[in-house]
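Visitor: How does the following fold in three dimensions:
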Amino acid sequence: MKKLILLLFGLFSITLFSQSKSIISSEIRWKAYKTLRTESLSHYGTVVLKSGKLIFSGNDLACGSFVIDMTTIDAEDMNGSPKQKKFLENHLKSDDFFDTDKFPTATFQIKFIKKINSNGYNYQVTGPLTIKGISKNISFPVKVTQANSIFTLTSAQFTFNRKNYGLKYNIFEDMLISNDVEMNVTLKAK
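Guide: Numbering: from 1, shown residues only. Purely as a prediction, here's the structure:
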């Protein structure tokens with residue numbers, strides 16, 4: 001009973017002293033490869049954050065949640081070829097990959113946080129990434145800094161396996177595409 005009371009007090013304290021910070025700017029970058037992982041056989045670009053918030057307890061990151069607008073996927077590497085760019089972006093939005101007509105958003109929730117001191121990163125965040133209605137936990141390091149009233153969260157590069165989320169093309173083409181999608185995220189919150 002004593003442990004339960006301490007746990008409830010701890011949760012109440014976190015809730016009472018936590019502050020929600022709204023995202024004021026963001027950059028979400030992605031990169032994917034053919035099976036031969038070379039720059040010439042990669043595609044990269046951005047996707048836009050639709051909404052999000054970071055929760056702090058004092059100056060410590062406590063949790064967060066994010067909604068990503070998958071209809072905004074941009075293949076920057078194809079900027080020099082407008083027709084091919086539009087084809088690739090439409091293909092990524094199709095039911096072969098993200099199926100944005102049915103699943104226009106993806107989400108990520110920071111559920112678990114561990115303080116670290118590794119290569120300039122001060123937290124390890126873990127939580128469910130949900131794409132096409134499929135949720136899988138991912139974990140990656142982030143650096144959180146504060147300047148005046150603005151908090152900046154910068155992730156290390158992390159990857160997710162596209163097949164875990166049903167991002168599969170036809171069997172023959174699928175064998176030519178790497179399973180890993182690389183991501184980098186920078187968020188500013190106030």
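
Visitor: Val125: how many residues sit nearby?
Guide: Using other C-beta atoms under 10 Å, Val125 has 24 other residues around it. Just so you know, the C-beta spots here come from the backbone N, C-alpha and C atoms, and that holds for glycine as well.

Visitor: In contact with the residue nearest to it when sequence neighbours are not counted, which residues?
Guide: Take Val125 and drop its neighbours on the chain: the residue closest to it by C-beta to C-beta, 6 or more residues apart in numbering is Ile110, 4.8 Å away. For Ile110, the contact set (C-beta atoms under 8 Å, 6 or more residues apart in numbering) comprises Leu54, Leu61, Cys63, Gly64, Ser65, Val125, Thr126, Gly127.

Visitor: Could you rerun that using 7 Å?
Guide: The neighbours of Ile110, taking C-beta atoms under 7 Å, 6 or more residues apart in numbering as the test, are Cys63, Gly64, Val125, Gly127.

Visitor: measure it to Thr154 for me?
Guide: To Thr154, Ile110 is 14 Å away according to C-beta to C-beta, to the nearest Å.

Visitor: for Cys63, same thing?
Guide: Distance of Cys63 to Thr154, computed by C-beta to C-beta: 18 Å.

Visitor: contacting residues around the residue most central in space within the chain?
Guide: Centroid-nearest residue in the chain: Phe108, 6.0 Å away (criterion: C-alpha atoms, centre = their mean). Contacts for Phe108 (C-beta under 7 Å, 6+ apart) come out as Phe66, Gly127, Leu129.

Visitor: again, 8 Å this time
Guide: When contacts are counted by C-beta under 8 Å, 6+ apart, Phe108 is found next to Ser65, Phe66, Ile68, Gly127, Pro128, Leu129, Thr130, Ile138.

Visitor: The second one touches Val125, doesn't it?
Guide: Think Phe66. No: the pair Phe66 and Val125 fails to qualify as a contact (C-beta atoms under 8 Å) at a distance of 11.0 Å.

Visitor: Glu89: what's its closest spatial neighbour, skipping adjacent residues?
Guide: Nearest to Glu89 is Ala75, by C-beta to C-beta, 6+ apart, at 5.4 Å.

Visitor: partner residues bridging that neighbour?
Guide: Gly45 (DSSP bridges).

Visitor: ok, Asn179 to Tyr44 distance?
Guide: On the measure of C-beta to C-beta, Asn179 and Tyr44 end up 16 Å apart.
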